[in-house]
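**Student:** Provide a 3D model corresponding to the input given below.
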Amino acid sequence: MINNQDKVAVVFGVRNDSSIGFQIALKLHQSGCKVALNFVEDTKEEVLFLMEKHGMDAKSAARVDVRNEEEIKTFLSKTYEELGPIDYILHGVAFGSQNVMCYSLPGNEALAPSYIDIPFDDLMDSFNISAYSLLRICRVAEPLLAKNASVLTLTYNASQRVFPGYAGMAINKAALENIMLYLASYFRKSGVRINAISAGLVMTTSAGGINGVRKLRKLGKITAPLGNIAAADVADGALYYFSDLSKKVTGNIHFVDGGFNIMGVAVDED
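**Tutor:** Residues are numbered from 1 along each chain as shown. The predicted structure follows:
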């Protein structure tokens with residue numbers, strides 16, 4: 001196990017125990033980190049329960065809307081004052097309404113728009129949460145980061161390929177990757193590294209909102225050389241970036257998708 005004894009890690013984006021963010025937070029905790037998590041109103045009880053269940057200090061959690069710079073500043077400043085300089089930050093936040101996903105959720109009578117009719121305001125709100133928030137968090141965190149700190153975000157291959165069920169969220173992931181690249185260059189002055197993991201489709205609560213998600217998982221099982229992945233597989237990859245092993249790696253998009261991204265067509269060996 002990588003030794004992160006007494007390192008300070010902040011994780012944005014834990015929703016429940018199926019979240020990739022939670023599995024990464026758990027790996028960070030197990031490797032010795034002091035972990036601080038954010039929550040929003042509808043995830044508060046679940047986040048605090050998971051922290052207490054797994055031996056993390058729930059006092060290090062706080063309600064933070066990543067659209068609100070002051071809330072981020074209060075949270076990160078408190079973490080810095082109580083735990084020390086911040087070594088690691090995970091940006092695992094994403095959100096898209098059915099108007100952005102272009103898919104009507106079961107039980108919702110309102111019809112979602114087609115891709116060409118995505119409402120601008122809905123798209124901008126999801127962009128604010130899913131992409132621009134990385135820039136906002138890094139801006140606030142900059143004076144609070146430890147030497148050789150590492151920031152990691154989570155992306156998806158829909159940034160480069162067409163996944164009709166992902167629709168407007170693909171715009172956000174493409175923007176997120178570009179923000180990551182420019183931040184990697186910006187932080188050259190301080191040695192902070194910024195990277196992204198492009199995760200395969202994991203059956204999280206958020207993934208449940210993707211149109212045809214079960215078909216995509218079935219396709220992944222057939223297509224990816226190593227098959228489908230789990231959230232814990234992404235966490236294993238993340239731990240490389242949240243350690244000194246990656247101290248000279250920045251601006252990288254690291255695929256943890258069983259090799260799905262390399263394939264041009266599905267291959268059924270049966």
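**Student:** any weak-confidence spans in the stretch 1-150 of the chain?
**Tutor:** Applying pLDDT under 70 to the stretch 1-150 of the chain picks out residues 1, 105-109.
**Student:** now the helices for it?
**Tutor:** Ranges of helices in the stretch 1-150 of the chain, per DSSP state H, counting those that start in this stretch, are 20-30, 44-53, 69-83, 98-101, 120-127, 133-141.
**Student:** just the ones you listed: most buried one?
**Tutor:** With neighbours taken as mean count of other C-beta atoms under 10 Å, these reach their highest mean count in helix 20-30, at a mean of 25. Where C-beta positions appear, they are placed from N, C-alpha and C, glycine not excepted.
**Student:** give the other helices and strands that that helix contacts.
**Tutor:** Helix 20-30 sits against strand 8-12, strand 34-39, strand 86-91, helix 231-241, with contacts defined as 3 or more C-beta pairs under 8 Å, 6 or more residues apart in numbering; DSSP states H and E.
**Student:** including distance to Lys78 and mean neighbour count, could the ones you listed go into a markdown table?
**Tutor:** Below are these laid out as a markdown table (distance: least, C-beta to C-beta, whole Å; neighbours: other C-beta atoms under 10 Å):
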| stretch | distance to Lys78 | mean neighbour count |
| --- | --- | --- |
| strand 8-12 | 11 | 27 |
| strand 34-39 | 8 | 26 |
| strand 86-91 | 11 | 26 |
| helix 231-241 | 24 | 20 |
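**Student:** how about the ones you listed in JSON lines, adding distance to Asp117?
**Tutor:** Shown next, in JSON lines, are the helices and strands packed on helix 20-30 (distance: least, C-beta to C-beta, whole Å):
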{"stretch": "strand 8-12", "distance to Asp117": "31"}
{"stretch": "strand 34-39", "distance to Asp117": "33"}
{"stretch": "strand 86-91", "distance to Asp117": "29"}
{"stretch": "helix 231-241", "distance to Asp117": "33"}
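**Student:** of all these, which one is nearest Tyr156?
**Tutor:** For the helices and strands packed on helix 20-30, the distance to Tyr156 is smallest for helix 231-241, at 11.1 Å, taking C-beta to C-beta.
**Student:** what's that closest one packed up against?
**Tutor:** Packed against helix 231-241, as judged by 3+ C-beta pairs under 8 Å, 6+ apart, are the following elements: helix 20-30, strand 145-155, strand 193-199, strand 253-256.
**Student:** quick one, what contacts Ile2?
**Tutor:** Ser31, Leu239, Phe242, Ser243, Leu245 (C-beta atoms under 8 Å, 6 or more residues apart in numbering).
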